[in-house]
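Asker: Sequence and predicted structure, then a few things I'm wondering about:
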Amino acid sequence: MITKLFHHRALSRVDRLMPRSTGRWADCEDFKPREKVAGNKKQALAFERDYPTFLLSLASSVRAGLDPLAAMLTTREVFPESSPVHHEIAKTEALIRSGEPELEALERFAEKVAHPDLPLFRATLSIAMREGGPIGPSLERLARITRRRQAFRQRARGAVAMQRLSAFGIVASAISIIIFQLFTARDQVLQAVIHPFGGIAYLLGGTFLIIGITWLLMLTRSRV
């Protein structure tokens, strides 16, 4: 009975700390202006660069025996002042020094950074501080997930770059063929353009080429 009670309390706190799919990311894509969405994405990517290192450093400090919150505040010294992680830890420390309760200050850690892993980190640290228990393995798993996300993003960007290069190669090939035909068989090309069916064929071919290249570039627009 006691185990069920603690389990129910933990789940209720996770639901409160971690928004559902209609939360921050959905709001960013559906309701915010494009410029603000792009700014949030850049901010999240900048934060993510140091985020795995932050998690591993925090896990090492917790394993060494430090309190989770004290370990997080100490981890700030690992990063330069220009790092977003350093800035967010400093904001959390400022909230605590101003008199805000530790758990509430922790729940506001990086609240304006639209990163999908942060709600889980806040929930993990908050539950550990409330209920106790080791969080080192959980932090290491979070770091692995973030690094896999980064690796996937790099592979996706490589694939996108290859697709865009293919699109530009198709355009260059089509232009080269037209120039070659104009130099080798200029009269025949002009007669084909003047001909009713030939002009329509050239027009349809150019239209399909432009539509296909535009569609391919829209598909390869990186949204990872």
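Answerer: Sure, I can see it.
Asker: Which pLDDT value belongs to Val85?
Answerer: In this model, Val85 is scored at 90, pLDDT.
Asker: same check, this time on the one 5 residues further on
Answerer: pLDDT for Ala90: 90.
Asker: Now do it against Asp187, distance only.
Answerer: Ala90 is 75 Å from Asp187, where distance means CB to CB, to the nearest Å. In this view, the C-beta of every residue, glycine as well, is placed from N, C-alpha and C.
Asker: And the two? Which one has more around it.
Answerer: The residue with more neighbours, out of Ala90 and Asp187, is Ala90; 13 against 7, by other CB atoms under 10 Å.
Asker: Can you name the residues that contact the closest residue to the more buried one other than its chain neighbours?
Answerer: Spatial nearest neighbour of Ala90, excluding adjacent residues (CB to CB, 6 or more residues apart in numbering): Arg76 at 6.3 Å. Residues near Arg76 by CB atoms under 8 Å, 6 or more residues apart in numbering: 85-86, 89-90, 93.
Asker: Narrow the residues you listed to those that are buried.
Answerer: 85-86, 89 (16 or more other CB atoms under 10 Å).
Asker: for this protein, what helix or strand is lowest in average pLDDT?
Answerer: Lowest mean confidence among the helices and strands of the chain (mean pLDDT, DSSP states H and E): helix 24-30, at a mean of 39.
Asker: For the longest helix along the chain, name the packing helices and strands.
Answerer: Longest helix of the chain, by residue count under DSSP state H: helix 136-184. If you count contacts as 3 or more CB pairs under 8 Å, 6 or more residues apart in numbering; DSSP states H and E, helix 136-184 packs onto helix 34-63, helix 118-131, helix 186-194, helix 196-219.
Asker: Need the winner for burial among those helices.
Answerer: helix 118-131 (a mean of 19; mean count of other CB atoms under 10 Å).
Asker: What mean pLDDT does that helix get?
Answerer: Rounded mean pLDDT across helix 118-131 is 84.
Asker: from the buried ones among the contacts of Arg76, which is closest to Val160?
Answerer: For these, the closest approach to Val160 (CB to CB) belongs to Val85, at 27.5 Å.
Asker: Tell me the spacing between that closest one and Glu93.
Answerer: Taken as CB to CB, the span from Val85 to Glu93 is 13 Å.
Asker: for Gly198, same thing?
Answerer: 74 Å.
Asker: what's the answer for Ile170, then?
Answerer: Ile170 is 55 Å from Glu93, by CB to CB.
Asker: just Met218 next, same as before
Answerer: 45 Å.
Asker: sorry, back to before: now the angle between helix 196-219 and the longest helix of the chain, please.
Answerer: 160 degrees (axes from the mean of the first three to the mean of the last three CA atoms, to 10 degrees).
Asker: and helix 136-184, how far from the chain's centre?
Answerer: 17 Å (CA atoms, centre = their mean, to the nearest Å).
Asker: Give me the helices and strands touching the host helix or strand of His87, please.
Answerer: Element membership for His87 (DSSP states H and E) is helix 84-97. In this structure, helix 84-97 packs against helix 34-63, helix 68-75, helix 102-107, with contacts taken as 3+ CB pairs under 8 Å, 6+ apart.
Asker: Ok, which of those comes nearest Ala151?
Answerer: helix 34-63 (11.0 Å).
Asker: Give me the distance from that closest one to the chain's centre.
Answerer: That offset, for helix 34-63, works out to 10 Å (CA atoms, centre = their mean).
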